[in-house]
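> quick one, structure for this:
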Amino acid sequence: MNGEEEAKRLPAFAVVGRVNKGKSSVVSTLAEDETVRIGREARTTRKVTAYRWSVDGTAYYEVLDTPGFERAEAALSWMRARAGDATERFDAVSAFVGAHEGGDEFSMECRLLSPVLEGAAIVYVADATHPWRNHFMAELEILKWTGRPLIGLLNRTDGGKFEKAWRAHLRDCCHTVRVFDAHTAGFEERIGLMRVFRELAPEAAKRIDVAIDALNQDWLNREAEAVAEIARFAVSAVTYSRDEPLSDEEDLQRRRSEIEASFHDVLKKMETRTHHRLARLYRHERLRVVLDELKTPALEADLFTAKVWRNLGLTPRQLAAGGAAGGAAVGVVGDVAAGGLTFGVLTLGGALLGGAGGLAAALGRIQSPARIVEGTLQGGRRVRVGPHRNPLLGSVLVDRALLLLLGLQGRPHARRDPLRLEGAARVPEENSSLLRSLSPPARKELGHSLVVVHRAARRRRKVTAKEIAALEDAIAQALEAMRKTEQPENDDDS
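Down below sits the predicted model:
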């Protein structure tokens, strides 16, 4: 390969090692690709497959999933017989591939070595929960003979008796050794590997720099889009209302539960769509998110119960104040203690008359918070449902969305189990709500932005672009504060 071709080549990282040691899991996490086949059975990978990491159609690097070594000791013996000294080692590896490519005797060795000979850097994956064997040294020796940058990855560790031996042997053959569990590794650990390869391969430094910059910018863009998505969802949910027809013979009381349940179902579907969009932003198209099994009370409880509001760290007095403010804003006449449902009377012109509220009414509304207004309008008798009258609805939905977002940001693509969000909470169990863990100023800023949206909904005023931008800023600040509650650990051995 000439200099011009080398300059245009994508940074490539060949993930190699013994069969069934987690190579494909490492590939999936490094490439952020959940389509990589991962199986417990040996010999899952039988050919080299390239997974390119791209943004908007532009590829920045590729990760190569390779077959495992099968006859490394015999292959090394063949090479040693043809390498007189160290200067002939690369040629011996090349000759080995040339002599056996297409045959059955060393088919796996030839397939995995071909991209390395073409310039790919090497990630050697080791499972330190199993004992070191001599044939592993043959594998490492062959890779060392290629002269390519070589990182030893301890993909599985348990701090047991085998890890010390693995580290010692890997240090003898690899340029550096790092712990990288593909099922827990986060964004910073992936970037860290790229930086190590940059130092080991000066000829590819510029291309790796471009890839690192793209990774960082894409991560920032994802988070900005996620915050905007959450803000849009909160505004849509808090301001949602609709009219439903009601025949002259129908009793509103009889249909009340049905109408209210339908209203809440729409809000829940909005939330589900938002969660799917967040997952797609982080390239988790196939991920199944489990909300109903969470231990976190703010998520295991029904979205519309008093327990949820209390888990946000709010007192009855705060709840009452929010309810009273909402009632004054819309001017509803006659709160009726019928499951917390508020009935207002519309004149033929559609104008609301009067107003009422208070501690008992505010607390009563929590259990059944949809505002239902009956009236006779043009086109027949209709029932207007919404907007949701509880001012804390936005806080509950933002709290749930941020919990999911933190879970997605820390979710490696090698995992195939459902995302159960109890593991994503970055706060102690007794403080189950993420928003509750915020400092008072941060919580106040977010709360104020959500109250502004709620008031606009109650007054049937469109939420302005400036108000939405303020909500996005408050959500972003809350996310940053939540993330600081837990710092990732890094374990490497240079």
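
> every contact and neighbour count from this point should use C-alpha atoms.
Fine.

> beyond the longest helix seen in the chain, next helix or strand please.
Criterion DSSP state H: the longest helix present in the chain is helix 205-239. Next in sequence after helix 205-239, counting helices and strands by DSSP states H and E, comes strand 242-245.

> ok, and what's touching that next one?
Contact with strand 242-245 is made by 380, 381, 382, 383, 384, 385, 386, as judged by CA atoms under 8 Å, 6 or more residues apart in numbering.

> narrow these to those in strands?
In strands, defined here by DSSP state E, the members of these are 380, 381, 382, 383, 384, 385.

> in PyMOL, select just the buried ones from these.
Command for PyMOL that selects the buried part of the ones in strands among the contacts of strand 242-245, burial taken from 16 or more other CA atoms under 10 Å:
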select buried, resi 381+382+383+384+385
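
> closest one to residue 32 out of the ones in strands among the contacts of strand 242-245, please.
residue 385 (42.9 Å; CA to CA).

> run through the bridge partners of that closest one.
Assessed by DSSP bridges, residue 385 has beta-bridge partners residue 242, residue 372.

> equivalent analysis for residue 52, please.
Beta-bridge partners of residue 52, as defined by DSSP bridges: residue 62.

> tally of neighbours for it?
20 (other CA atoms under 10 Å).

> my read: it touches residue 62, true?
Yes - Residue 52 is in contact with residue 62 according to CA atoms under 8 Å; the separation is 4.1 Å.

> what sits in contact with each of the two?
Residues touching both residue 52 and residue 62 (CA under 8 Å, 6+ apart): residue 31.

> show me which positions of the longest helix of the chain end up buried.
Residues of helix 205-239 classed as buried: 205, 207-209, 211-212, 214-215, 219, 222-223, 225-231, 233-239 (neighbour count, 16+ other CA under 10 Å).

> show me what it is packed against.
Applying 3 or more CA pairs under 8 Å, 6 or more residues apart in numbering; DSSP states H and E, one finds that helix 205-239 makes contact with strand 58-65, helix 187-200, helix 252-281, helix 393-409, helix 440-458, helix 465-483.

> show me how this protein divides into domains.
Domains of the chain are assigned by automatic domain parsing as 9-200, 223-483.

> any idea which of the ones you listed scores lowest on pLDDT?
Among the domains of the chain, domain 223-483 has the lowest mean pLDDT, at a mean of 69.

> still on that earlier bit, now the contacts of strand 242-245 in a markdown table, please, with extra columns for distance to residue 458.
Output for these, formatted as a markdown table (distance: CA to CA, whole Å):
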| residue | distance to residue 458 |
| --- | --- |
| 380 | 24 |
| 381 | 22 |
| 382 | 19 |
| 383 | 16 |
| 384 | 13 |
| 385 | 12 |
| 386 | 9 |
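
> just the residues you listed now: which is nearest residue 172?
When the contacts of strand 242-245 are compared against residue 172 (criterion: CA to CA), the nearest one is residue 386, at 68.7 Å.

> you'd agree the closest one is up against residue 236?
No - using CA under 8 Å, residue 386 makes no contact with residue 236, being 11.7 Å away.

> please, which helix or strand holds the residue of the chain positioned farthest from its centre?
What lies farthest from the middle of the chain is residue 84; by CA atoms, centre = their mean that is 52.0 Å. Under DSSP H and E, no helix or strand contains residue 84.

> what are the phi and psi values at it?
With angles defined as degrees, to the nearest 10, residue 84 sits at phi -70, psi -40.

> distance of it relative to residue 45?
For residue 84, the distance to residue 45 (CA to CA, to the nearest Å) stands at 34 Å.

> nearest residue to residue 281 other than its sequence neighbours?
Leaving out its chain neighbours, the residue that sits closest to residue 281 by CA to CA, 6 or more residues apart in numbering is residue 222, at 6.1 Å.

> ok, now how distant is the one you found from residue 229?
10 Å.

> quick one: stretch 10-18 to chain centroid distance?
Centroid separation for stretch 10-18 versus its chain: 25 Å, with CA atoms, centre = their mean, to the nearest Å.

> wasn't residue 15 part of a strand?
Yes - under DSSP: H, G, I helix; E, B strand; the rest coil, residue 15 falls within a strand.

> would you confirm that it contacts residue 67?
No - under the criterion of CA under 8 Å, residue 15 makes no contact with residue 67, lying 9.1 Å away.

> what's the distance between the closest residue to residue 237 other than its chain neighbours and residue 240?
The shortest distance from residue 237 to any non-neighbouring residue, by CA to CA, 6+ apart, is to residue 267 (6.0 Å). Going from residue 267 to residue 240 by CA to CA gives 8 Å.

> count the residues that sit near the residue nearest to residue 237.
19.

> what's the spacing between it and residue 280?
Distance, residue 267 to residue 280, by CA to CA: 20 Å.

> same question for residue 388.
28 Å.

> between these two, which one's more packed in?
Neighbours were counted for residue 388 and for residue 280 using other CA under 10 Å; residue 388 has more, 26 against 15.

> just the C-alphas of stretch 149-162, formatted as CSV.
What follows is stretch 149-162, C-alpha atoms only, in CSV (Å, rounded to 0.1, in the frame of the first residue of the first chain):
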residue,chain,number,x,y,z
PRO,A,149,0.1,-1.8,17.1
LEU,A,150,-1.1,-4.4,19.6
ILE,A,151,-3.3,-3.8,22.6
GLY,A,152,-4.1,-6.6,25.1
LEU,A,153,-7.7,-6.4,26.3
LEU,A,154,-8.8,-8.2,29.4
ASN,A,155,-12.5,-8.5,28.5
ARG,A,156,-13.5,-10.5,31.6
THR,A,157,-11.8,-10.1,34.9
ASP,A,158,-12.8,-11.2,38.4
GLY,A,159,-9.6,-10.3,40.4
GLY,A,160,-9.0,-14.0,40.8
LYS,A,161,-5.9,-16.2,40.5
PHE,A,162,-5.7,-16.2,36.7
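
> and the contacts of that stretch?
21-22, 26, 121-132, 143-144, 163, 170, 174-182, 197, 200-201.

> if you set the cut-off to 6 Å instead, what comes out?
Counting contacts by CA atoms under 6 Å, 6 or more residues apart in numbering, the residues outside stretch 149-162 that touch it are 121-129, 131, 174-181, 200.

> among the residues you listed, which ones are in helices?
residue 200.

> pull out the buried members of the contacts of stretch 149-162.
So, by 16+ other CA under 10 Å, the buried ones in the contacts of stretch 149-162 are 121-129, 174-181, 200.

> cross those residues against strands and list the overlap.
Using DSSP E, the members of the buried ones among the contacts of stretch 149-162 that fall in strands are 121, 122, 123, 124, 125, 126, 127, 176, 177, 178, 179.
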